[in-house]
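[1] Have a look; sequence and predicted model below, questions after that.
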Amino acid sequence: MDRRKFLATSLASAATAPLGYALQSQQALGPGARQYYELRRYHLLTPQRKLADDYFRSALVPGLNRLGISPVGVFNVSIGPEGPSIYVLLPSTSVETLVSSAARLSQDAEYVKAASDFLNAPAKSPAFVRMESSLMQALAGAPRLTVPEATAQHLPRLFELRTYESSTDQDHQAKVAQVNEGEIPIFLKAGFWPVFFGDTVIGARMPNLTYMIGFANLAERDKAWDAFRSAPETKVLFGQPKYTFEDLVSNVDNAVLTPAPYSQI
């Protein structure tokens, strides 16, 4: 079987959309449709930071937009491990579009020209050290990426990227259900800007789910987390026996990210 057809078939399993937030988002995509996300992490050498920024701004983001991949988020790590590094988020309703993007960009003359310095950097001074990538399917409770209003208004904003790892598939599915059945609306009520929620289908440290939430600044982040933890809905949700039979999460990674000036998220 063709690998791309296999991926599309394997990723087509659907969970039940829980609430109006999900239903409203699904209507914009079509019945039952959920987006897919590729999340890349480029590990950089500090001297090559400008080269990387020039590449993302002038070559990669516009090239991906020409392929129909939009909006593209580009983020610097402000608080987190293994810096310096840059995250790039690619959303699409099509797995085919994401898995074929590199090959298609290599045939885009405008991209190849703009990316020349980055792509042809010598081994003794590489453009980046390594690039890690994961493929996710949007959770049913948030089937599409949401761009915060602050982005369109060019207002200050930060984002938190959180990955929840589980020891077993059973625990992972329970954590996904917990997010779908209640956490997303609580994030909204607490004052966060939910950007995306994704179940990792190809990537490292599986099983895991990853999500991104936004806020104006660190003070607003702390205020929103306090509101999330103290919300009555949170206490009810996290007290349900189906989520307390054992520890659903074995490890949590989180980083606070600053969008690049040219980021579309």
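    That came through, no problem.
[2] Which elements pack onto the helix or strand hosting residue 172?
    Using DSSP states H and E, residue 172 falls within helix 169-178. Under the contact definition 3 or more C-beta pairs under 8 Å, 6 or more residues apart in numbering; DSSP states H and E, helix 169-178 sits against strand 208-215. Backbone N, C-alpha and C define where each C-beta goes, glycine included.
[3] And the contacts of the strand it packs on?
    Where contact means C-beta atoms under 8 Å, 6 or more residues apart in numbering, the residues beyond strand 208-215 that reach it are 39, 89, 134, 136, 139, 148, 150, 157-166, 172, 175-176, 179, 187, 191-200, 221, 224, 257.
[4] sorry, back to before: quick one: mean pLDDT for the helix holding residue 172?
    Per-residue pLDDT values over helix 169-178 give a mean of 96.
[5] that older thread, please pick the buried ones from the contacts of strand 208-215.
    When neighbours are counted using 16 or more other C-beta atoms under 10 Å, the contacts of strand 208-215 contain these buried positions: 39, 89, 134, 136, 139, 148, 150, 157-161, 163-166, 172, 175-176, 179, 187, 191-200, 221, 224, 257.
[6] how about the next helix or strand after the helix holding residue 172 as PDB, C-alpha atoms only?
    Beyond helix 169-178 in the direction of the C-terminus, DSSP H and E gives the next helix or strand as helix 184-190. What follows is helix 184-190 as a C-alpha-only set of coordinates in PDB (Å, rounded to 0.1, in the frame of the first residue of the first chain):
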ATOM      1  CA  ILE A 184     -10.900  22.900  26.600                       C
ATOM      2  CA  PRO A 185     -13.900  24.900  27.800                       C
ATOM      3  CA  ILE A 186     -12.200  25.500  31.100                       C
ATOM      4  CA  PHE A 187      -9.200  26.900  29.300                       C
ATOM      5  CA  LEU A 188     -11.500  29.400  27.600                       C
ATOM      6  CA  LYS A 189     -13.300  30.300  30.800                       C
ATOM      7  CA  ALA A 190      -9.900  30.800  32.600                       C
END
